[in-house]
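Participant: Structure here, sequence nowhere to be found:
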């Protein structure tokens, strides 16, 4: 037993579990006869592998670095090394209980990587292992790995960056830049035991910074190739983030390209970057402007420029202003048909429209006014019904909301509202409604335009049908299957066909100052329709917003229509969330009314997947046993919420 314990301690010291005894010496940096033997065997296996798999079409043509002399075959890690790095990955998954163990493990593995870093980075298994190892390494160790990947002159960065595996490793290394001031434990020990070594310490702290700058120079030197390459462009985008002192979410292999929501803003994490990075960021932006023709026409290169604009918008607003102005000047300077702005052509192109979206989103007032007056005026409806150009029109509408130019944008789009609705481009209509929510002077006209578009403006009796029509995005005739052009003919129909964009439209309308039409239409629905609305994935957001944003009196009117439906809502995935939101905004008497209806169904509620949370959050057990105490607690909570809401207002 003592012998086994001693053996286990030795494996722990080496950073590897005893289940892999053959790697013990490899983890210690290859010291000893066994380590030399393994390396020799690996070298022999690699040489044999190159001879056997060197032909075209063989496995040797995948991965690795550079081209070999024998028919362009690429070098690969030998089988022993691949197995070793696979086991290193398994050990990393197990984690470390002590920092000393982790530091020793990382140091030993990086010793194995030394001398073949590029080969390891461009191997599938080696790449994954390095990506997981670098966050555990000190900034100095990360800098040393980058130095080897770049070679003496840094020229090898291009080869590694444009490799499908190597690019991920470089991104992982760049993402360690926020720790550039951090010292490793070994460096701290040296500082504690040695005096007068400030020069050496400075070199250790600056090696990562120096290698990032070296990579930046390579990217600028080969800018067009980097930004157009599928993998190299990702390295360039991560580099831009780092130079600007921020990091976006890590790129994952499971992410599906091309499905990103245009309205989602990427969350950035900021850190203090070295001063030298700011100058390099400006120089890199100049390189991108020199290649603006590539960025405008190439979809991959366009994403790099979008990244540059996004990060500069917050940290370098003057630089962002220069870049947006430069892009617009380039686009509008190109030749086109007489009397037609060249910008209209680019708005309808898949690649360039994305870049123009960002330009419109980040443009200042003068540039927006110039774009509308000289290039877009009179063309907005035509662009809004185009399958690609409608997205930049959404960005233009959002960006101009707080400026006078919005009034002209609104008047032009409102004229073609029904045509846009027929084209199915609800994003334009929803964005226009969102903007009107911030511009009170246009809210009444927007509501009237929508009533006309859905054919429920006349006669006035049709106004009560507006909510189902908006939610389903169907006109009155289609929804009620009535061909009558006049009269009050309206067949009763259960609420149905609730769609996502319809829900978004009503949520925007619910932010208007006058919501009487929506509330009257809501109150005209049957209790069954209220239940349908509250338990629908899209409709539940509408009901929640209308109830919680109403006054106490208005909320009470809606809750009376929901009586008898609370148990079913509590048992629903979406209805339970609505019920919780309603509870948080309700008065104490309204809560008592809800609780009285829920308590008799205790068994059903406490056993339900969603309703059990309702039972717990509403403290219904206390309502049954200690009602006076429950009422006192609810009154206190209600007062706190009112106090906080008054402070926020």
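Facilitator: That came in fine, so what should we check first? Worth saying up front: this structure is predicted, and the values here are computed from it rather than measured.
Participant: List the buried residues of stretch 462-481.
Facilitator: 462-476, 479-480 (16 or more other C-beta atoms under 10 Å). Placement of C-beta: from N, CA and C, glycine included.
Participant: Mind checking which of these land in strands?
Facilitator: With DSSP state E as the criterion, strands contain none of those.
Participant: Buried residues, stretch 303-316. List them.
Facilitator: For stretch 303-316, by 16+ other C-beta under 10 Å, it's 303-313, 315-316.
Participant: May I see those residues organised as CSV, with pLDDT added?
Facilitator: Below are the buried residues of stretch 303-316 laid out as CSV (pLDDT from 0 to 100):
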residue, pLDDT
303, 94
304, 95
305, 95
306, 94
307, 94
308, 95
309, 95
310, 93
311, 92
312, 92
313, 91
315, 85
316, 90
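Participant: low-scoring pLDDT stretches of the stretch 451-600 of the chain, where are they?
Facilitator: Flagging of the stretch 451-600 of the chain using pLDDT under 70 yields the residue ranges 482-491.
Participant: The same query, at a cut-off of 90, please.
Facilitator: 458, 480-497, 550-554, 584-589 (pLDDT under 90).
Participant: all helices for it, in order.
Facilitator: 466-472, 476-479, 500-509, 516-523, 527-535, 539-548, 552-562, 566-570, 573-585, 588-598 (DSSP state H, counting those that start in this stretch).
Participant: So which of those is nearest residue 152?
Facilitator: helix 500-509 (55.9 Å; C-beta to C-beta).
Participant: How far off centre is that closest one?
Facilitator: 22 Å (C-alpha atoms, centre = their mean, to the nearest Å).
Participant: What residues sit buried inside it?
Facilitator: Here helix 500-509 shows 501, 502, 503, 504, 505, 506, 507, 508, 509 as buried, counting by 16+ other C-beta under 10 Å.
Participant: who's in contact with it?
Facilitator: 426-427, 429-430, 433-434, 436-437, 447, 450, 467, 470-473, 515, 518, 538-539, 541-542, 545 (C-beta atoms under 8 Å, 6 or more residues apart in numbering).
Participant: what angle separates that helix from helix 516-523?
Facilitator: Between helix 500-509 and helix 516-523, the angle comes out at 130 degrees (axes from the mean of the first three to the mean of the last three C-alpha atoms, to 10 degrees).
Participant: okay, the angle between helix 500-509 and helix 527-535?
Facilitator: Using the same axes, to 10 degrees: helix 500-509 against helix 527-535 is 100 degrees.
Participant: so where's the stretch 151-300 of the chain shaky on pLDDT?
Facilitator: In the stretch 151-300 of the chain, residues with pLDDT under 90: 151-155, 179-207, 247-273, 275, 297.
Participant: Helices along that one, start to end?
Facilitator: So, for the stretch 151-300 of the chain - with DSSP H, counting those that start in this stretch - the helices run 156-161, 166-174, 185-193, 198-221, 223-228, 232-243, 275-290, 292-297, 299-315.
Participant: can you redo the ones you listed as TSV with distance to residue 124?
Facilitator: Listed next are the helices of the stretch 151-300 of the chain as TSV, based on distance: least, C-beta to C-beta, whole Å:
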stretch	distance to residue 124
helix 156-161	14
helix 166-174	10
helix 185-193	31
helix 198-221	23
helix 223-228	22
helix 232-243	17
helix 275-290	30
helix 292-297	30
helix 299-315	23
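Participant: Which of those helices sits closest to residue 532?
Facilitator: helix 299-315 (40.9 Å).
Participant: What helices and strands are in contact with the closest one?
Facilitator: helix 223-228, helix 232-243, helix 275-290, helix 292-297, helix 317-333, helix 350-362 (3 or more C-beta pairs under 8 Å, 6 or more residues apart in numbering; DSSP states H and E).
Participant: need those helices in a markdown table with distance to residue 93, can you?
Facilitator: As requested, the helices and strands packed on helix 299-315 are exported to a markdown table (distance: least, C-beta to C-beta, whole Å):
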| stretch | distance to residue 93 |
| --- | --- |
| helix 223-228 | 33 |
| helix 232-243 | 25 |
| helix 275-290 | 34 |
| helix 292-297 | 40 |
| helix 317-333 | 42 |
| helix 350-362 | 38 |
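Participant: Can you tell me which of those is most buried?
Facilitator: When the helices and strands packed on helix 299-315 are scored by mean count of other C-beta atoms under 10 Å, the highest mean neighbour count falls to helix 232-243 (a mean of 25).
Participant: which other helices and strands contact it?
Facilitator: helix 156-161, helix 166-174, helix 198-221, helix 223-228, helix 275-290, helix 299-315.
Participant: who wins for proximity to residue 78 among these?
Facilitator: It is, among the helices and strands packed on helix 232-243 and with distance given as C-beta to C-beta, helix 166-174, at 18.1 Å.
Participant: So which residues make contact with the closest one?
Facilitator: 65, 118, 121-122, 127, 130-131, 134-135, 142, 145-146, 149, 157, 159-161, 212, 215, 231-232, 234-235, 238-239, 242, 251.
Participant: my guess is residue 238 meets residue 177, correct?
Facilitator: No. Counting by C-beta atoms under 8 Å, residue 238 sits too far from residue 177 to count as a contact (9.5 Å).
Participant: burial of the nearest residue to residue 444 once chain neighbours are set aside, as a residue count?
Facilitator: Nearest residue to residue 444 in three dimensions, chain neighbours excluded: residue 514, at 7.1 Å (C-beta to C-beta, 6 or more residues apart in numbering). Using other C-beta atoms under 10 Å, residue 514 has 12 neighbouring residues.
Participant: Would you mind measuring from residue 514 to residue 448?
Facilitator: 11 Å (C-beta to C-beta, to the nearest Å).
Participant: cool, residue 76 as well?
Facilitator: 69 Å.
Participant: of those two, who's got more company?
Facilitator: residue 76 (24 against 12).
Participant: Unless I misread the structure, the more buried one falls within a strand.
Facilitator: No. Looking at residue 76 with DSSP: H, G, I helix; E, B strand; the rest coil, it is coil, so not inside a strand.
Participant: That one contacts residue 123, correct?
Facilitator: Yes. With contacts counted by C-beta under 8 Å, residue 76 reaches residue 123, the gap being 6.7 Å.
Participant: residues near the residue lying closest to residue 284 once chain neighbours are set aside, how many?
Facilitator: Nearest in space to residue 284, with sequence neighbours left out and distances taken as C-beta to C-beta, 6+ apart, is residue 220 at 5.8 Å. As a burial measure, residue 220 scores 17 neighbours (other C-beta under 10 Å).
Participant: Right, I'll leave it there.
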